[in-house]
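**Student:** My questions are about this predicted structure, shown below with the sequence.
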Amino acid sequence: MVKHMDRTKRSWTTRQEAKQKRKSDVKNLVDGMVIPTDRIIEAMEILIQPGDRVVLEGNNQKQASFLSEALAQVNPNNLFDLHMILSSISRPEHLDLFERGIARKVDFAYAGPQSLRMAQMVEDGKVTMGEIHTYIELYGRLFIDLIPSVALVAADKADRFGNLYTGPNTEETPTLIEAAAFRDGIVIVQVNELTDELPRVDIPGSWVDYIVVADKPYELEPLFTRDPRHITDIQILQAMMIIRGIYEKHEVQSLNHGIGYNTAAIELLLPTYGESLGLKGKICKHWALNPHPTMIPAIESGWVDSMHCFGGEVGMEKYVEARRDVFFNGSDGSMRSNRTLSQMAGQYAVDLFIGSTLQMDGEGNSSTVTRGRLAGYGGAPNMGHDPGGRRHSTPAWLNMMTSDEPLARGKKLVVQVVETFQSGNKPVFVESLDAIDVKNDTGLAIAPVMIYGDDVTHVVTEEGIAYLYKIDSMEKRREAIAAIAGVTEIGKTITTDKIKELRRDGFVAFPEDLDIRRSDAKRSLLAAKSVEELVEWSDGLYEPPAKFRSW
């Protein structure tokens, strides 16, 4: 006979009861689900409590700016010690929260625009560090051990029942809301407009507790817009090598591009240089990518079959709506983006990720976290690694196989493209990453490396390409990287004879080895040489922000 232990009767609805208490305390202030615009600060001081975990939408582009500004104005005597969860620390008030004592601890993924101030505040002891995450890692923890008490997010429109329309910039909104809504957290949504009828329902009202009409539309940054006027001949040379020595060589059909002028150059060379090589229909067909304006000529030229987007891009709305054969558009015509799903696609579904970095050591480890700059790394580590769980094969993935063993498998292509020196004559190639010092200074458990060298298959500089996936020894790996590291200290460690040997054995390729003449790398190769020409390619559908208009 089983003897049962005595158990004290307990409540299994404490979270739900606590939520109802907060909602009860604010009921005289709200109108149904609607918080009056001018009473948002007062409402926050009731609905949010000291020590709460608060996830605040502030990704690379879309910002819950009305809510973040309001939160920074609460009375720190009433609301303090918040644990903030931020995909991107990108607005001044995100750090003002810590200056004022409203928040104490932060877990984040990226802090590019605020990276210098962030580093200083950590050093001054004003911010307690949790961890620096990748996007997928941070989203995942929202459902495990960083479950938010409160979610503060943004949408385009809402109706009186709390149903939300997010338009082309859905981004991470559903993920943040779901993590709070289904664990008895409070969900507050700022909207641009309260309306009786929505173009479509992106998030159901049953997931939402409160809506507030913002005093101005949420901030949206044109993060992925690159003016072709600023693309250099060196970046064009690199792009030619990448198209010829990587995309064509490995039959890359599905891919993700990082943000930068070097990848913008590739996009603008597809309809010209790529066309001259007869590659249309053979490479670059399926993309996990925001709607980069520099992709317009490739789309118009018939290179792109599909593009799933992390988020939108300012000015691209009408173009995307008119090209629904390419983009994931709703019945209303506007695009449905999803940062979480696109990160997953970029991690598992694509053949290749290509991005850049601020520092790389002799073994190929890289980071954008440097001395005095706590930038984080966003989604690059998600897409810039070889996911061990992948099981589907493609020509490019299979092309990475270097063994004929029965259980041999392919590998995702992870490409790092850098110039050997940054602005200010700072070398990209260094003996030791600053990330190691940052780890020691901040008390992080591990050095904040963006992409580990053993995941990198190719490194590209203005000197050439290092085919690291072919190499099985660390000594040879260091030699291949040194061969394309130019006149940096790492580049000076290798002899001319050794470089010739590496080129002969196919571990390194210079432009000449790829039948590319350096003198051909000119801006005349670009399919569009200005933002104005991108507008022309789009038949006037692309409406760039004012700061990109030079005509």
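**Tutor:** Received it, and whenever you're ready, just let me know what you need.
**Student:** after the helix or strand where A435 lies comes which helix or strand?
**Tutor:** Secondary structure from DSSP states H and E places A435 in helix 434-442. Per DSSP H and E, helix 434-442 leads on to strand 458-460 as the next helix or strand towards the C-terminus.
**Student:** average pLDDT across that next one?
**Tutor:** Mean pLDDT, computed over strand 458-460, is 98.
**Student:** do stretch 269-284 as well
**Tutor:** Average pLDDT, stretch 269-284: 98.
**Student:** in a strand, that's where A155 is, yeah?
**Tutor:** Yes - going by DSSP: H, G, I helix; E, B strand; the rest coil, the assignment for A155 places it inside a strand.
**Student:** Quick check, it in contact with P168.
**Tutor:** No - the pair A155 and P168 does not pass the contact test of C-beta atoms under 8 Å, sitting 11.9 Å apart. Quick note: C-beta positions are derived from backbone N, CA and C, even for glycine.
**Student:** quick revisit: dump the helix holding A435 to PDB, keeping only the CA atoms.
**Tutor:** What follows is helix 434-442, C-alpha atoms only, in PDB (Å, rounded to 0.1, in the frame of the first residue of the first chain):
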ATOM      1  CA  ASP A 434      39.100  42.800 -27.000                       C
ATOM      2  CA  ALA A 435      36.200  40.600 -26.000                       C
ATOM      3  CA  ILE A 436      38.500  38.800 -23.600                       C
ATOM      4  CA  ASP A 437      39.200  42.000 -21.800                       C
ATOM      5  CA  VAL A 438      35.500  43.000 -21.800                       C
ATOM      6  CA  LYS A 439      34.700  39.600 -20.200                       C
ATOM      7  CA  ASN A 440      37.200  40.400 -17.400                       C
ATOM      8  CA  ASP A 441      36.000  44.000 -16.900                       C
ATOM      9  CA  THR A 442      32.300  43.300 -16.800                       C
END
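**Student:** Who are the packing partners of it?
**Tutor:** Judged by 3 or more C-beta pairs under 8 Å, 6 or more residues apart in numbering; DSSP states H and E, helix 434-442 is in contact with helix 115-123.
**Student:** Tell me how far the helix it packs on lies from the chain's centre.
**Tutor:** 21 Å (C-alpha atoms, centre = their mean, to the nearest Å).
**Student:** what do you get for stretch 361-380?
**Tutor:** In terms of C-alpha atoms, centre = their mean, the centre of stretch 361-380 is found 14 Å from the chain centre.
**Student:** now do stretch 124-139
**Tutor:** Between the centre of stretch 124-139 and the centre of its host chain there is 15 Å, according to C-alpha atoms, centre = their mean.
**Student:** buried residues in that stretch?
**Tutor:** With burial defined by 16 or more other C-beta atoms under 10 Å, the residues of stretch 124-139 counted as buried are 126-127, 130-139.
**Student:** tell me the helices in the stretch 201-350 of the chain, going along the chain?
**Tutor:** Counting by DSSP state H, counting those that start in this stretch, one finds helices in the stretch 201-350 of the chain at the ranges 233-242, 249-250, 261-269, 275-276, 296-300, 317-322, 339-344.
**Student:** Can you pull up the most central residue in the chain?
**Tutor:** With distances taken as C-alpha atoms, centre = their mean, the residue of the chain nearest its centroid is G379 (4.2 Å).
**Student:** Can you give me the pLDDT of it?
**Tutor:** As predicted, G379 sits at a pLDDT of 89.
**Student:** Could you check how far the residue lying closest to it once chain neighbours are set aside is from M129?
**Tutor:** Setting aside the residues directly before and after it, G379 is nearest to Y135 in space (C-beta to C-beta, 6 or more residues apart in numbering), at 4.4 Å. Per C-beta to C-beta, to the nearest Å, Y135 is found 18 Å from M129.
**Student:** again, but for T368
**Tutor:** Relative to M129, T368 is positioned 17 Å away (C-beta to C-beta).
**Student:** Single out the most deeply packed of the helices of the stretch 201-350 of the chain.
**Tutor:** Most buried of those, by mean neighbour count (mean count of other C-beta atoms under 10 Å): helix 261-269, with a mean of 26.
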